[in-house]
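**Q** Predicted structure and sequence below. I'll ask about it afterward.
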Amino acid sequence: MEIKIRPATPQDLTGILEIVNHNILHSTALYDYDAKPYDYIETWFAEKHESNLPVIVALEGDKVAGYGTYGPFRFKQGYRFTIEHSVYAAPGHEGKGIGKLLLTELIRLAKEGGYHCMIGGIDANNTGSIEFHKKFGFVETGIIKEAGYKFGKWLDLQFMQLILS
């Protein structure tokens, strides 16, 4: 089935939340511990919309098969041209090109928005995501050792960077 990329709507929030909660509960892609309630994703989406920041979805038919977004890297004026992105595929949709479609669109939107630098913060053991980002020209810029703790172990955070302009 064909995958369609488009801006997210409120009707997509349940699908996005399912992806978020799956990653919280079953992976180190997100360093949260507890599943989020629906009102969390509503607030998150409203804040993105109010800040004119994109939330995009990959649809397979009418089902959310992945989502992507970006937001400020840091909240100081000097960082205003740098963003940090997130791209996630729904369980069972990994390796089908959804991440590629989402990240391609996020990069296009970021360039169009006048941003200079895109950052990815990735669990250092997630070699699949690191290699995925390298295919887009991201470079490894540093590791923060033992930055997170989840599933009974310390986790290293790998930063990757893409210069957009």
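**A** Alright, I've got the coordinates.
**Q** buried sites along stretch 108-128?
**A** Using 16 or more other C-beta atoms under 10 Å as the test for burial, stretch 108-128 gives Leu109, Ala110, Tyr115, Cys117, Met118, Ile119, Gly120, Gly121, Ile122, Asp123, Ala124, Asn126. Heads up, the C-betas are built off the backbone N, CA and C, glycines and all.
**Q** show me what contacts the closest residue in space to Lys48 that isn't next to it in sequence?
**A** Ranked by C-beta to C-beta, 6 or more residues apart in numbering and with sequence neighbours excluded, the top spatial neighbour of Lys48 is Val55, at 5.1 Å. Under the criterion of C-beta atoms under 8 Å, 6 or more residues apart in numbering, the neighbours of Val55 are Pro7, Ala8, Ile16, Phe45, Lys48, His49, Tyr67, Gly68, Thr69.
**Q** and the fourth one, what helix or strand is that in?
**A** Just to be clear, that refers to Phe45. helix 38-50 (DSSP states H and E).
**Q** quick one: the residue sitting nearest the centre point of the chain from Trp44, how far?
**A** Averaging the C-alpha coordinates of the chain gives a centre point, and the residue nearest to it by C-alpha atoms, centre = their mean is Ser86 (1.0 Å). Remark: distance between Ser86 and Trp44 (C-beta to C-beta, to the nearest Å) = 11 Å.
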